[in-house]
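Q: For reference, the sequence and a predicted model appear below.
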Amino acid sequence: VFYAIGVLYMFLALAIACDEFFVPALEEMSGPRRMNLSMDVAGATLMAAGGSAPELFTSLFGTFQETSVGFGTIVGSAVFNVLF
């Protein structure tokens, strides 16, 4: 019961943080003074970049340190993209 309440609380906190901070930042970056993008294009492009950035940096660091993390990240990404 406490676990479910905690999960719901974290989803609520994430929604509030996105509404208060992420959306205004997205509007500022894609506005006429910066990139001059429509909100649909900006949302799709910047959300895709933001969602893929951690994976990109993980694979870069893993590749340059010559560990198996880089290869695993690339293969895992390909499987995830094909399935979903």
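A: Here it is on my side, so go on.

Q: nearest residue to V69 other than its sequence neighbours?
A: With sequence-adjacent residues excluded and distances taken as C-beta to C-beta, 6 or more residues apart in numbering, V69 is closest to G62, at 3.1 Å. All C-beta atoms are positioned from the backbone trio N, CA, C, and that covers glycine.

Q: element containing the one you found?
A: Element membership for G62 (DSSP states H and E) is helix 39-64.

Q: What are the buried residues along that helix?
A: Residues A42, L46, T58, S59, G62 are the ones in helix 39-64 that count as buried (16 or more other C-beta atoms under 10 Å).

Q: What of stretch 25-35?
A: L26, S30.

Q: can you list the residues that contact it?
A: N36, L37, S38, M39, V41, A42, G43, L46 (C-beta atoms under 8 Å, 6 or more residues apart in numbering).

Q: Pick out whichever of those sits closest to S52.
A: The nearest member of those to S52, counting by C-beta to C-beta, is L46 at 10.9 Å.

Q: if I look at the closest one, how far off is Y9?
A: Distance of L46 to Y9, given as C-beta to C-beta, to the nearest Å: 27 Å.

Q: now G51
A: Taking C-beta to C-beta, one finds G51 at 23 Å from Y9.

Q: Please apply the same query to A44.
A: For A44, the distance to Y9 - C-beta to C-beta - is 29 Å.

Q: so where's the protein uncertain?
A: For the chain, applying pLDDT under 70 flags the ranges 70-84.

Q: Spatially central residue in it, please.
A: Closest to where the C-alpha atoms of the chain average out (C-alpha atoms, centre = their mean) is G51, at 2.1 Å.

Q: dump the residue contacts of A42.
A: A42 makes contact with L26, M29, S30, M35, according to C-beta under 8 Å, 6+ apart.

Q: In helices, which of those appear?
A: Cross-referencing those against helices under DSSP state H gives L26, M29, S30.
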